[in-house]
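> My questions are about this predicted structure, shown below with the sequence.
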Amino acid sequence: MRNQEVHYSGFLKHGLPHTEGEILWPSGHGYSGGFRNGKAHGKGTHYFPDGKTSLTCSFANGCPEGTGLLFEAPSDKYPAGRHWDV
């Protein structure tokens with residue numbers, strides 16, 4: 001599915017992402033994991049535009065929930081692989 005530069009690879013149900021898939025938005029954000037009715041749902045990973053940061057956690061209706069793992073480029077302030085309450 002390609003729509004206004006949104007790229008999606010995976011199963012569609014009624015024209016919306018459903019079950020497992022990957023999506024990339026024009027902003028550079030991406031998501032790989034479970035979908036339900038077009039929204040991130042279940043375990044998945046959100047990728048940020050910098051190409052170095054990602055958040056792996058559970059999602060419900062497109063929103064992160066619970067505790068996840070935030071990976072970002074190591075710096076003096078933050079080590080890579082911090083746990084994050086979302």
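Nice, thanks for sending it over.

> I figured E5 was touching P26, is that so?
Yes - the pair E5 and P26 passes the contact test of Cβ atoms under 8 Å, sitting 4.3 Å apart. Every residue, glycine included, has its C-beta placed from N, CA and C.

> neighbours of P17, just the number please.
24 (other Cβ atoms under 10 Å).

> My error: substitute P49 in the last question.
There are 11 residues near P49, going by other Cβ under 10 Å.

> mind listing what it touches?
By Cβ atoms under 8 Å, 6 or more residues apart in numbering, the contact set of P49 is S27, G28, H29.

> ok, it to L69 distance?
19 Å (Cβ to Cβ, to the nearest Å).

> coming back round to it: could you flag which of the contacts of P49 are buried?
Among the contacts of P49, none scores as buried (criterion: 16 or more other Cβ atoms under 10 Å).

> what about Y31, is that helix, strand or coil?
Taken by DSSP: H, G, I helix; E, B strand; the rest coil, the conformation at Y31 corresponds to strand.

> For it, list each beta-bridge partner.
Judged by DSSP bridges, the bridge partners of Y31 are I23, H46.

> the strands in the protein, which residues?
Ranges of strands within the chain are 2-3, 6-13, 16-24, 30-36, 39-47, 54-60, 63-71, 82-85, based on DSSP state E.

> Dump the ones you listed to a markdown table, plus mean pLDDT.
Shown next, in a markdown table, are these (pLDDT from 0 to 100):
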| stretch | mean pLDDT |
| --- | --- |
| strand 2-3 | 54 |
| strand 6-13 | 94 |
| strand 16-24 | 96 |
| strand 30-36 | 97 |
| strand 39-47 | 96 |
| strand 54-60 | 93 |
| strand 63-71 | 88 |
| strand 82-85 | 60 |
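
> Tell me what L70 is bridged to.
L55, R82.

> my guess is it meets T53, correct?
Yes - if you go by Cβ under 8 Å, L70 and T53 touch, sitting 7.3 Å apart.

> Thank you, goodbye.
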